[in-house]
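> Give me a 3D structure for the following:
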Amino acid sequence: MAKVKVLIEGYAKEIKGGWLASSTTTLIRDRGLNIVVDPGKNRSLLLQKFKEENLRPEDTDFVLVTHTHLDHSYLLGIFPNARALDDEVVYDQDKEGEHGGTIPGTAIKIISTPGHDQFHSSLVVPTEKGTVVVAGDVFWWADNEEQKTDETSLLERKDPFVKDEKALLESRKEVLKIADWIIPGHGKMFKVEK
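Predicted coordinates for the structure are as follows:
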């Protein structure tokens, strides 16, 4: 079974003229592979967390970006040996091909979860404690917001950066249906109350 660890809890704070933000960064270990989801923007913090795990960026086999907003994807290039994945494609240096909906060599599913971004995806990870969905910005909170995780609050939550509200609502419903635990793009991991 896969092991999932949040390396960096994503943050998003509105500041004068913009945002101070970096995504949640998740490490998944499965079948001898090291998989990073959304490396974010905070290089020094990411390298510190890797050191705490006795890992180097070179030890990463795959990096998945849930979507290409820079607060999630900026550090993609610091993993010299990793193959990169997005919602449809696996990239190995300058070669690309379809991944078929899973991280190669694993049972970890990559599902399409559009709405926040047209090409958004999430990971469905079977673990000993249940199904963990690394949901990217299907769900996210700014630092000054209360993180309400009851179903009504999650489905009605407004996203100021949404590209397609109807698609986002359907993605949220799908994630809530399959997840026991959700790792949001910014905020704390939470248990789904069934």
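> Next one: the closest residue to Asp30 other than its chain neighbours from Asn144, what distance?
Spatial nearest neighbour of Asp30, excluding adjacent residues (C-beta to C-beta, 6 or more residues apart in numbering): Ala2 at 3.8 Å. C-beta: built from backbone N, CA, C; applies to glycine. The gap separating Ala2 from Asn144 is 33 Å, by C-beta to C-beta, to the nearest Å.
> Tell me which of those two has more neighbours.
Legend: neighbour count by other C-beta atoms under 10 Å for Ala2 and Asn144, higher for Ala2 (19 against 8).
> can you give me the strands for this protein?
Secondary structure of the chain, counting by DSSP state E: strands at 3-8, 11-15, 18-22, 25-30, 33-37, 62-64, 83-85, 89-92, 95-98, 109-112, 121-127, 130-136, 181-184, 190-191.
> before we move on, the earlier item: show the backbone phi and psi for the residue nearest to Asp30.
The phi and psi torsions at Ala2 (degrees, to the nearest 10) take the values phi -70, psi 150.
> List the contacts of it.
28-30, 106-108, 125-127 (C-beta atoms under 8 Å, 6 or more residues apart in numbering).
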